[in-house]
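Peer 1: Next comes the sequence, and after it the predicted model I'd like to discuss.
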Amino acid sequence: MTSLSSYRELIVWQKSMDLTVRIYALTRSFPIEERYGITSQMRRSASSIPANIAEGQARRSTGEFVQSLGVARGSLAELETFLTLSAKLEMTTPEQCRCLLNDCVEINKMLNALIKSLSPHH
């Protein structure tokens, strides 16, 4: 499958962990009434990205790894949706939203490249 000894070596895992930390920091300033709403949803979807990368790589089966990367990509799309919503609700500044969405685009490209590299017909 892969010569990696750990998912921690994957740049996409490292970048998605950094993104998750930034999402946690951002959502600290969200209204208290959103604790179980958008705050929780954004934190859950963000943390799901590196968690699924790690789980998939740890399974040691290429097919399962690719499937987990697809789940991570879905969580990333969910996070992008909540980021956009938070901007529309004026809970984030346009600049905060733009920077975080740029990070999401970069991570998505990395996930796509990793999936392609692991697929048998690339």
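Peer 2: Ah, there it is. Numbering: from 1, shown residues only.

Peer 1: which SSE is the residue most central in space within the chain in?
Peer 2: By C-alpha atoms, centre = their mean, the mean C-alpha position of the chain lies nearest to I49, the distance being 3.6 Å. Using DSSP states H and E, I49 maps to helix 38-58.

Peer 1: Would you mark the buried spots in that helix?
Peer 2: 38-39, 41-43, 45-57 (16 or more other C-beta atoms under 10 Å). Quick note: C-beta positions are derived from backbone N, CA and C, even for glycine.

Peer 1: got it, and stretch 62-71?
Peer 2: Across stretch 62-71, burial judged by 16+ other C-beta under 10 Å covers 65-69, 71.

Peer 1: Any stretches of this structure with poor pLDDT?
Peer 2: For the chain, the stretches flagged by pLDDT under 70 are 1-4, 122.

Peer 1: By residue count, which helix of it is the longest?
Peer 2: helix 62-88 (DSSP state H).

Peer 1: what angle separates it from helix 38-58?
Peer 2: 160 degrees (axes from the mean of the first three to the mean of the last three C-alpha atoms, to 10 degrees).

Peer 1: With that, I have no additional questions.
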